[in-house]
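1. sharing a sequence plus its predicted fold:
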Amino acid sequence: MDVNKNMEGKEQLEVARERVIDAIAQNINLYGVTDSIGRLYGMLLFQEKPMTLDEMKEELGMSKTSMSTSVRTLLELKMVDKVWKKGVRKDLYKAEDDWYQTFIDFFTIKWRAGVSMNVYAMEKSLAELNKMINDETISDEIKEEAKKDIEKLEYALEYYSWLNRFVDSLESQEIFNFIPKKDNK
């Protein structure tokens, strides 16, 4: 009878875990990655010990190349850590279990790159637009349009300055002074 209870409990445990893994896989696109990478992350989340690529491949039925690419993506996003274990020659991986830090790392990596690219383009365009305003060969009508564009770009740069301060507050974890990790209601 204990064997049946144990098997039934194991099945319930697997159903509960699979539900979470499926949800992670369906929503991982927020991180810009595929659902198979989400399944890998979800599976690693429930592991008690780090896994090798071969173990992950066997568990998920993915090719070793696909598994290697998926793990590399998760490493770049800082959602998975490579760990060392005495006596084990193969690389071992485990899911980053601090979801707050995972979000901070992902968000800051993506937003710093996006902000930098947009600010560069806007500053370059602002310089060109300001030259146009002082160029006597350009009509007043075009200059007025350029002035409106300058206002829009200056407003956008104010936003990106704010966004950089927000990202700074994530990296410094100052954000948790305003929005604590645990709601103590």
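-> Perfect, I can see it now. Numbering: from 1, shown residues only.
2. so where does the closest residue to residue 156 other than its chain neighbours fall, helix or strand?
-> Leaving aside its sequence neighbours, residue 156 sits nearest to residue 122 (Cβ to Cβ, 6 or more residues apart in numbering; 5.9 Å). For the C-beta atoms, the positions are set from N, CA and C on the backbone; glycine is no exception. According to DSSP states H and E, residue 122 maps onto helix 99-134.
3. list the buried ones in that helix?
-> Going by neighbour count (16 or more other Cβ atoms under 10 Å), the buried part of helix 99-134 is 102, 104, 105, 106, 108, 111, 115, 119, 122, 126, 129, 132.
4. next SSE after that helix?
-> helix 140-171.
5. show me what that next one is packed against.
-> Contact here means 3 or more Cβ pairs under 8 Å, 6 or more residues apart in numbering; DSSP states H and E; on that basis helix 140-171 packs against helix 99-134, helix 175-178.
6. out of those helices, the one nearest residue 143 is which?
-> Residue 143 sits nearest to helix 99-134 of all the helices and strands packed on helix 140-171, at 5.3 Å, using Cβ to Cβ.
7. correct me if wrong, but residue 81 is in a strand.
-> Yes - membership of residue 81 in a strand is supported by DSSP: H, G, I helix; E, B strand; the rest coil.
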